[in-house]
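K.L.:
below are the sequence and a predicted model; questions follow.
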Amino acid sequence: MKTVFLTAEPPWPLDQGDKLRNYHLLKALAEAHAVTLVSFCAPGDEEGTWREVIGPFCEAVYAVPLGRLQMLLNVARLPHLPVTMAARASFRMGGLLRQMTGTGEFDLAFACQLKMAGYLKQCSVRRRVADLTDSLSLYRRRMTRFASSSAARLFGLIEAARLARQERRIAGLTDVVLLASASDAAALEKIAPGANVCVLANGVDLDYFRPLPDPGRPVLLFYGHLRYPPNADGLIWFCREVFPQVRKVVPEAELHIAGKEASVDVVSLARLPGVKFWGHVPDLRPCLASSSLVVVPLRFGTGIHNKVLEALAAGRAVVSTSLGYEGLEVVPGVHLEVVDKPADFAAAVVGLLRDPARRAALAAAGRRLVEERYSWRMVSQVLQSLLVGTEGTENAN
């Protein structure tokens, strides 16, 4: 099956969630089909080193440059669209896709995330698939609860409505829509009744993330893309509301923070007692190896968070909020600890720091879980079966 695969940026390096998922889905499709990647990229990066990684398993690769200034201008001139879609409006991208697929040689168009799903309309193919990953309208609605001002709250509600309208449109345009979690799928089904919505979970590389020995040190680890609002908000909340309570009981406790594109507010957390900020690290495994447990203090967000899967795969005990592990088939108290209030979160962290046997039990159960349900190989198999299930159906939109 000849496939055109659309991404908003090259899926390499694997330094954020969207790129990680897009890379593994692209690779999975390329194992069974002839895949052409079409992606936006930063100006000057058309022939970047990412091609050396992606190129070998693609039939062809096309890169369309799109700079930040143009993205800002797009948002200003297209106020009726959600920001994520308006920013990536491109006549050049649309023209390329119409030209490529106009000959009728492509069977499938696969768009990654809502920011690229609108381009499915430009693809003359038998079948269209949108991997939305998360319900962004649900994400925005949840985010408004933590808005810093009434203006921000109003913007969030308006943006949620724009996103819902586009999610509904995309659902009607495609043969199948993929979401990473059941809660996101349910949210889309509410606004797009009758759409063919399927759940395709995130996965984890079990060869890359192997169980690590517990260092037995009172070191906590938080990592993730720090520009992502749920990560920044959750980290600041944890440092201000939870970690001081931990330090009262375990004065030698440390919190290590790893991630790229941190704001000034996040970087300033390193001034707090016991907090160390590592910034972007190309390989998370040394950070995981030096920590005794991973904290996931997210207060809003959607989808499945890769940091939880990676921590479980690496044999690390995890303390998470309810939203932090949403979408995963885990059992609180068996695979990880789940708490939401600051005092309870602190107590759970302290309890695990003092109980290496408990950490080991959670770590072993978590590793077994990801081996049974969340390897990228298993995700690939589910994806292939979903695509086979849509064969013979043709979207007339």
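P.N.:
Here it is on my side, so go on.
K.L.:
the longest helix belonging to the chain: how far from the chain's middle?
P.N.:
Determined from DSSP state H, the single longest helix within the chain is helix 150-173. Helix 150-173 sits 19 Å away from the centroid of its parent chain (CA atoms, centre = their mean, to the nearest Å).
K.L.:
swap in stretch 25-35?
P.N.:
In terms of CA atoms, centre = their mean, the centre of stretch 25-35 is found 20 Å from the chain centre.
K.L.:
what residues sit buried inside that stretch?
P.N.:
Counting neighbours by 16 or more other CB atoms under 10 Å, one finds that the buried residues in stretch 25-35 are 25-30, 33, 35. Every residue, glycine included, has its C-beta placed from N, CA and C.
K.L.:
ok, residues contacting that stretch?
P.N.:
With contact meaning CB atoms under 8 Å, 6 or more residues apart in numbering, stretch 25-35 is reached by 1-5, 7, 11, 37, 54, 57-59, 108, 110, 112, 131, 376, 379-380, 383-384.
K.L.:
hang on, the earlier thing: quick one: which of the buried residues of stretch 25-35 sit in helices?
P.N.:
The helices in this structure, assigned by DSSP H, contain 25-30 from the buried residues of stretch 25-35.
K.L.:
can you put these in CSV and add pLDDT?
P.N.:
As requested, these are exported to CSV (pLDDT from 0 to 100):
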residue, pLDDT
25, 97
26, 97
27, 96
28, 94
29, 95
30, 95
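K.L.:
so residue 58 touches residue 39, yeah?
P.N.:
No: shown here, residue 58 and residue 39 do not form a contact pair, counting by CB atoms under 8 Å, at 10.4 Å.
K.L.:
those two: who's more crowded?
P.N.:
For the pair residue 58 and residue 39, the greater number of neighbours falls to residue 39 (24 against 19), based on other CB atoms under 10 Å.
K.L.:
can you classify that one as helix, strand or coil?
P.N.:
For residue 39, the assignment made with DSSP: H, G, I helix; E, B strand; the rest coil gives strand.
K.L.:
quick check: closest non-adjacent residue to it.
P.N.:
Setting aside the residues directly before and after it, residue 39 is nearest to residue 7 in space (CB to CB, 6 or more residues apart in numbering), at 4.4 Å.
K.L.:
got it, and residue 199?
P.N.:
Spatial nearest neighbour of residue 199, excluding adjacent residues (CB to CB, 6+ apart): residue 185 at 5.1 Å.
K.L.:
mind checking what secondary structure that neighbour has?
P.N.:
Judged by three-state DSSP, the three-state class of residue 185 is helix.
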